[in-house]
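Trainee: Give me a 3D structure for the following:
(2 chains)
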Amino acid sequence: MNCQKFETVVSELARNQMMEADIRAEALAHTFKCSDCSDRMRDQKLLSSGLSALAADMNHMQAPPQLELKLREAFRQVNQVTPFTVKKQGHTRYWLSAIAAMLLLVIGLAAVKIKVNSIQKQVAEIPRQAMPVSTFGSEAVTPIVNDAAAQNSTHSIEPRRRRHDASFYAANTRKRPIRNDEAVAANHAAREVATDFMPLGYMNAASFQDGGQVVRVELPRSVLATFGIPVNMERYNEKVKADVLFGADGLAHAIRFVQ
Amino acid sequence: MRPLSELNDAELLRSMREGDEEAFGALYQRRQAGVFRFAWQMSGSHALAEDVTQEVFLFLIRDGHVFDAEKGSVSAFLMGVARNYVLRKLRGERAMISLGDDSEDDFSAELADPELSPLDDLTRTETIENVRKAVLSLPEKYREVVVLCELQELNYKETAEILECAIGTVRSRLHRGRALLLEKLRPARPETEDATALKSAGCFA
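Mentor: Residues are numbered from 1 along each chain as shown, chains lettered A, B, ... in the order given. Okay, the predicted model is just below:
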């Protein structure tokens, strides 16, 4: 081993680091031959002992005790704030969601109730209008319309005004036993929704004094447009049901559309 | 449940992150001295070492999740964080530490006793201070290796983890750092360059 090679290993040799046994033996042997390298080795060992003394001198050093208190306080703050914030946000979001859901539910229920009420009203009116039509459509009846027309001096027939005249309807229906087909027709009628009767040209109450007849017909949907009713263009080619009110004179006096 | 003293650093860190203050306390007690000493040995400033220790553990409290056990130990992680804080502070507050030629001359003059070589008496209390100053006067990249390997007594692998460099780099920097320390501590010798060259030439024979 020469001085250059010794120079590369001297610090590790002085620090007693692990190295190959051959290299260690050669390096130690070199210190006996070369006084300069021997001095280097001695300096390195002294440096190591000096550094060890410095390390030992500083070994007792540690952070001041109050630092731990500060850090523990910081730890508590961080670990209190985080869950609290999360919890608060979670609760706020939860309650907001719950309130929103409740509002939606209430609004939805109200809308459904309004819709059901309106349908029930319509359904309650339909039997008075439709049942005689369905059940007695082919018979010569004294339809509600006829009676209404007699009471009203207006040209439009408004069956709704017959509500107060339920006794008349009840009396009529009570007179005869209700047959199965009548019940089916009544159920069917109860599911139907109809427009008001719309006059077809000039009409007066006298036309109905001798009775009238309501006939269910199917018409092209385009007829709706004639009466100013909006037409669903997707169902333009489909038929639409209608009740046509014929007077005793055989003329069609009014029409209503049924769905 | 196992007592905290039986848990390793990674387990303490996990418990700490789950909100266990006592686990944090145990981890702090176990590692604060090393961090504090490293910061002090690197900076020579008690106040800076205290600040760095505080910031290291605050970082652990707030961002402990960034620790990756696959990259190294908790100790190495803490020392790496401490190193970053120390270097940042040293670069920002360089005026606090008197480095450079002036300080080097000061303690070299103290060591330059013709009757008694300071290297012969390094274990003496007064020369410990000179070694400390010599260490502080080293360039940062050598100083941190000397501090970690010599003063913190970490092995090359641990030091390499902290410095995020290769073991060979640690070895070569330590070698160079020790050589620089010797130069700083060695008194001016009345040797001419020619005489030195002759001695070296003899060794190559």
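Trainee: Listing request: residues of chain B with sub-threshold pLDDT.
Mentor: The model of chain B has pLDDT under 70 over residues B:1, B:93-125, B:187-205.
Trainee: can we see that at 90?
Mentor: Filtered on pLDDT under 90, chain B yields the residue ranges B:1-22, B:44-45, B:62-73, B:88-132, B:152-153, B:155, B:157, B:164, B:183-205.
Trainee: all helices of it, in order?
Mentor: B:9-17, B:21-43, B:46-63, B:74-92, B:101-111, B:125-136, B:140-146, B:156-163, B:167-185, B:193-204 (DSSP state H).
Trainee: Format those helices as TSV; extra columns: mean neighbour count.
Mentor: Placement of C-beta: from N, CA and C, glycine included. Formatted as TSV, the helices of chain B follow (neighbours: other Cβ atoms under 10 Å in any protein chain shown):
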stretch	mean neighbour count
helix B:9-17	19
helix B:21-43	22
helix B:46-63	20
helix B:74-92	20
helix B:101-111	15
helix B:125-136	19
helix B:140-146	21
helix B:156-163	20
helix B:167-185	18
helix B:193-204	12
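Trainee: TSV for these, including distance to residue A:55?
Mentor: Formatted as TSV, the helices of chain B follow (distance: least, Cβ to Cβ, whole Å):
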stretch	distance to residue A:55
helix B:9-17	22
helix B:21-43	9
helix B:46-63	15
helix B:74-92	15
helix B:101-111	18
helix B:125-136	10
helix B:140-146	11
helix B:156-163	14
helix B:167-185	14
helix B:193-204	32
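Trainee: Name the residues of stretch A:246-259 that are buried.
Mentor: A:246, A:247, A:252, A:253, A:254, A:255, A:256, A:257, A:258 (16 or more other Cβ atoms under 10 Å in any protein chain shown).
Trainee: Secondary structure element for the fifth one, which one?
Mentor: Under DSSP states H and E, the secondary-structure element containing residue A:254 is strand A:252-258.
Trainee: Show me what that strand is packed against.
Mentor: Judged by 3 or more Cβ pairs under 8 Å, 6 or more residues apart in numbering or on different chains; DSSP states H and E, strand A:252-258 is in contact with strand A:198-199, strand A:239-247.
Trainee: Please parse chain B into its domains.
Mentor: B:1-96, B:98-189 (automatic domain parsing).
Trainee: Let me have these in TSV, extended by distance to residue A:76.
Mentor: Listed next are the domains of chain B as TSV, based on distance: least, Cβ to Cβ, whole Å:
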stretch	distance to residue A:76
domain B:1-96	6
domain B:98-189	29
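Trainee: What's the local residue count around the nearest residue to residue A:40 once chain neighbours are set aside?
Mentor: Computed as Cβ to Cβ, 6 or more residues apart in numbering or on different chains, the closest residue to residue A:40 that is not its neighbour in sequence is residue A:10, at 5.4 Å. Using other Cβ atoms under 10 Å in any protein chain shown, residue A:10 has 23 neighbouring residues.
Trainee: How about the secondary structure of residue A:10?
Mentor: Three-state assignment for residue A:10 (DSSP: H, G, I helix; E, B strand; the rest coil): helix.
Trainee: surely it meets residue A:42?
Mentor: No. Contact criterion Cβ atoms under 8 Å: residue A:10 and residue A:42 do not qualify, at 10.2 Å.
Trainee: ok so, going back, and the angle for the strand holding residue A:254 with strand A:239-247?
Mentor: Between the axes of strand A:252-258 and strand A:239-247, defined by axes from the mean of the first three to the mean of the last three Cα atoms, to 10 degrees, the angle is 150 degrees.
Trainee: Residue in the stretch 151-259 of chain A with the shortest distance to chain B?
Mentor: Across the stretch 151-259 of chain A, the shortest distance to chain B (Cβ to the nearest Cβ) belongs to residue A:234, at 58.5 Å.
Trainee: Per-residue pLDDT of that residue, please?
Mentor: Note for residue A:234: predicted pLDDT of 77.
Trainee: Please tell me how far it sits from residue A:259.
Mentor: Taking Cβ to Cβ, to the nearest Å as the measure, residue A:234 falls 15 Å from residue A:259.
Trainee: for chain A, what are the low-confidence residue spans?
Mentor: Checking chain A against pLDDT under 90 turns up A:1-63, A:65, A:68, A:73-96, A:113, A:115-216, A:218-241, A:243-259.
Trainee: Show me it divided up by domain.
Mentor: A:3-57, A:116-258.
Trainee: Over to the first one now: how far is its first residue from its last?
Mentor: With Cα to Cα, to the nearest Å applied, domain A:3-57 spans 34 Å between its terminal residues.
Trainee: before we move on, the earlier item: make CSV out of the helices and strands packed on strand A:252-258 and add distance to chain B.
Mentor: Compiled in CSV, those are given as follows (distance: least, Cβ to the nearest Cβ, whole Å):
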stretch, distance to chain B
strand A:198-199, 76
strand A:239-247, 69
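Trainee: so of these, which one's packed in deepest?
Mentor: Of the helices and strands packed on strand A:252-258, the one with the most neighbours on average (mean count of other Cβ atoms under 10 Å in any protein chain shown) is strand A:239-247, at a mean of 19.
Trainee: That strand pairs with which strands?
Mentor: strand A:212-220 (antiparallel), strand A:252-258 (antiparallel) (DSSP bridges).
Trainee: Make JSON lines out of the ones you listed and add distance to residue B:52.
Mentor: Converted to JSON lines, these look like this (distance: least, Cβ to Cβ, whole Å):
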{"stretch": "strand A:212-220", "distance to residue B:52": "91"}
{"stretch": "strand A:252-258", "distance to residue B:52": "88"}
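Trainee: mind putting the helices of chain B in JSON lines, distance to chain A included?
Mentor: Formatted as JSON lines, the helices of chain B follow (distance: least, Cβ to the nearest Cβ, whole Å):
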{"stretch": "helix B:9-17", "distance to chain A": "8"}
{"stretch": "helix B:21-43", "distance to chain A": "4"}
{"stretch": "helix B:46-63", "distance to chain A": "5"}
{"stretch": "helix B:74-92", "distance to chain A": "11"}
{"stretch": "helix B:101-111", "distance to chain A": "11"}
{"stretch": "helix B:125-136", "distance to chain A": "5"}
{"stretch": "helix B:140-146", "distance to chain A": "7"}
{"stretch": "helix B:156-163", "distance to chain A": "9"}
{"stretch": "helix B:167-185", "distance to chain A": "5"}
{"stretch": "helix B:193-204", "distance to chain A": "3"}
